[in-house]
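Enquirer: sequence unavailable; structure follows:
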Ligand code: SAH
């Protein structure tokens, strides 16, 4: 059934590319997109999201002013003009009511929205993180100036209105930037400074600045898909590259001998170690380093892995990382990607320079209503005469033509 008015903002916000399409068509478009990129293998249907609304557990609101009224919303794509958003159908339920309370408390505490051009005012952004399982919320108030003295009082008033808010933090961001958070310290006004969620029966700590998948319930589906593909048996040496707060490494640890997790953001690594302690896991080593540099050194020393999980940012992996990975020779590579185009590029490299072949591709819909789709690929090394590997790598004789067209080597 065609929905005509998914959102009163229409296309002005730029968030919901597929707002007015039936979900089944959206899933088909996402699958078609993957089919084009991975034309040489059968691409199954994209795993749908259980809920196409209220799945976002992270909400970032800009505070602005309109006709003398305090509003919260977001920047119009590519500009610094704020459009008012009174409730978004993608955000977790309860987010808009917390934001409404922040706006009304701003009035009671005589706070003004921060004006970026004049560098006046107070509150600039509000960042909400939601722990799905426990329905706990963490609020980070980002100020553009540091003149407000009653921050703790403000935090307590907010908690009184919303008992689900377990932590309130604040940060000063007076830089000319569209980034929500700056590099300044984050101070805690109320609570422990983190909230906890559960994924695949493990507990994870979420702090204001740490990366955590936005759609908590579908994350479980994503990680289960990755684990199934890896098919670990209990003894393997496993690499988790781009490990964030250690989610994949810790989930894999129950089925592996030892896991090495590499992440460049040292704050995320500290949380990952805390997460390991929280779950009583001792067979994971966390390394705070650039994945390419770490792997280059490890490969030089002759380090080997049986399996590797890769979960890089949108830009994908660089060639230094991929060439070192090939040297470390994992039998299986499970590549999770939020940008299938860079994933396809990196897979081409692994095939051309390491003889790794794609055995499976699985799309997982983490972001309904948007054009984004997460893709998980299983690659294994194909022995010289492995017909299965060859046919998975490219369908029959058309492979060579296609490779000529799309390029064999970069
Ligand atoms: N696997 C994690 C995080 C994935 S997001 C999860 O599922 O939650 C990608 C992560 O890669 C981010 O934490 C980012 O800080 C990290 N990263 C980006 N470039 C990196 C690099 N060159 N070396 C190591 N980590 C990097």
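Expert: Received it, and whenever you're ready, just let me know what you need. As the structure is a prediction and not an experimental result, all values here were calculated from the model.
Enquirer: going forward, measure contacts between C-alpha atoms and count neighbours the same way
Expert: Noted.
Enquirer: let me see the contact set for residue 26.
Expert: Going by C-alpha atoms under 8 Å, 6 or more residues apart in numbering, residue 26 touches 18, 369.
Enquirer: report the buried residues of the host helix or strand of it.
Expert: Assigned by DSSP states H and E, residue 26 falls within helix 23-37. Using 16 or more other C-alpha atoms under 10 Å as the test for burial, helix 23-37 gives 23, 26, 27, 30, 31, 32, 33, 34, 35, 37.
Enquirer: how near is the third one to residue 223?
Expert: Look at residue 27 and residue 223: by C-alpha to C-alpha, to the nearest Å, they are 20 Å apart.
Enquirer: cool, the fourth one as well?
Expert: In this structure, residue 30 and residue 223 are separated by 19 Å, where distance is defined by C-alpha to C-alpha.
Enquirer: and residue 344, that's in a helix?
Expert: Yes - judged by DSSP: H, G, I helix; E, B strand; the rest coil, residue 344 forms part of a helix.
Enquirer: pretty sure it is touching residue 35, no?
Expert: No - using C-alpha atoms under 8 Å, residue 344 is not in contact with residue 35, being 11.1 Å away.
Enquirer: contact residues of the stretch 151-300 of the chain facing the ligand?
Expert: 211-213, 242-245, 247-248, 262-265, 289-291 (C-alpha under 6 Å from any ligand atom).
Enquirer: hmm, back to that, export the buried residues of helix 23-37 to CSV and tack on distance to residue 207 and pLDDT?
Expert: Compiled in CSV, the buried residues of helix 23-37 are given as follows (distance: C-alpha to C-alpha, whole Å; pLDDT from 0 to 100):
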residue, distance to residue 207, pLDDT
23, 33, 96
26, 33, 97
27, 32, 98
30, 32, 98
31, 34, 98
32, 36, 98
33, 34, 98
34, 33, 98
35, 37, 98
37, 35, 98
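Enquirer: and the strands in the stretch 151-300 of the chain, which stretches?
Expert: 165-172, 187-190, 195-199, 202-206, 237-241, 258-263, 284-288 (DSSP state E, counting those that start in this stretch).
Enquirer: mind putting those strands in JSON lines, mean pLDDT included?
Expert: Putting the strands of the stretch 151-300 of the chain into JSON lines (pLDDT from 0 to 100) gives the following:
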{"stretch": "strand 165-172", "mean pLDDT": "98"}
{"stretch": "strand 187-190", "mean pLDDT": "98"}
{"stretch": "strand 195-199", "mean pLDDT": "94"}
{"stretch": "strand 202-206", "mean pLDDT": "95"}
{"stretch": "strand 237-241", "mean pLDDT": "98"}
{"stretch": "strand 258-263", "mean pLDDT": "98"}
{"stretch": "strand 284-288", "mean pLDDT": "98"}
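Enquirer: surely residue 324 is in contact with residue 293?
Expert: No - Residue 324 is beyond contact range of residue 293, at 9.1 Å (criterion: C-alpha under 8 Å).
Enquirer: turn the strands of the stretch 151-300 of the chain into a markdown table, including mean neighbour count.
Expert: Putting those into a markdown table (neighbours: other C-alpha atoms under 10 Å) gives the following:
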| stretch | mean neighbour count |
| --- | --- |
| strand 165-172 | 23 |
| strand 187-190 | 18 |
| strand 195-199 | 19 |
| strand 202-206 | 20 |
| strand 237-241 | 25 |
| strand 258-263 | 24 |
| strand 284-288 | 20 |
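Enquirer: okay if I get these as a markdown table plus distance to residue 93?
Expert: Output for the strands of the stretch 151-300 of the chain, formatted as a markdown table (distance: least, C-alpha to C-alpha, whole Å):
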| stretch | distance to residue 93 |
| --- | --- |
| strand 165-172 | 13 |
| strand 187-190 | 22 |
| strand 195-199 | 16 |
| strand 202-206 | 19 |
| strand 237-241 | 33 |
| strand 258-263 | 32 |
| strand 284-288 | 35 |
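Enquirer: residue 311: which of the ones you listed is closest?
Expert: strand 237-241 (6.5 Å; C-alpha to C-alpha).
Enquirer: which other helices and strands does the closest one contact?
Expert: On a contact count with 3 or more C-alpha pairs under 8 Å, 6 or more residues apart in numbering; DSSP states H and E, strand 237-241 meets helix 247-253, strand 258-263, strand 307-310.
Enquirer: where exactly do the helices run in the stretch 301-410 of the chain?
Expert: 319-328, 340-354, 387-393, 398-406 (DSSP state H, counting those that start in this stretch).
Enquirer: what angle separates the helix holding residue 26 from helix 340-354?
Expert: 30 degrees (axes from the mean of the first three to the mean of the last three C-alpha atoms, to 10 degrees).
Enquirer: contact partners of the helix or strand just after helix 23-37?
Expert: Scanning forward in sequence from helix 23-37 by DSSP H and E, the next helix or strand is strand 58-66. Here strand 58-66 makes contact (C-alpha under 8 Å, 6+ apart) with 70-75, 82, 91-92, 95, 113-115, 123-130, 180, 214.
Enquirer: what do you get for stretch 310-326?
Expert: Stretch 310-326 is contacted by residues 240-243, 291-293, 295-296, 299, 333-339, 342-343, 346, 349-350, 353-354 when judged by C-alpha under 8 Å, 6+ apart.
Enquirer: just the buried members of those residues?
Expert: For these, buried by 16+ other C-alpha under 10 Å: 240-243, 291-292, 295-296, 299, 333-339, 342-343, 346, 349-350, 354.
Enquirer: leaving out the residues flanking it, which one is nearest to residue 185?
Expert: Sequence neighbours aside, residue 171 is the residue nearest to residue 185 in space, at 6.5 Å (criterion: C-alpha to C-alpha, 6 or more residues apart in numbering).
Enquirer: against residue 157, how distant is that neighbour?
Expert: With C-alpha to C-alpha as the criterion, residue 171 and residue 157 are 18 Å apart.
Enquirer: over to residue 285?
Expert: Residue 285 sits 42 Å away from residue 157, going by C-alpha to C-alpha.
Enquirer: which residues does the residue nearest to the spatial centre of the chain contact?
Expert: Centroid-nearest residue in the chain, with C-alpha atoms, centre = their mean: residue 213, separated by 4.1 Å. Going by C-alpha under 8 Å, 6+ apart, residue 213 touches residue 219.
Enquirer: where does the prediction get shaky in the chain?
Expert: Under the criterion pLDDT under 70, the flagged ranges of the chain are 1-4, 383-410.
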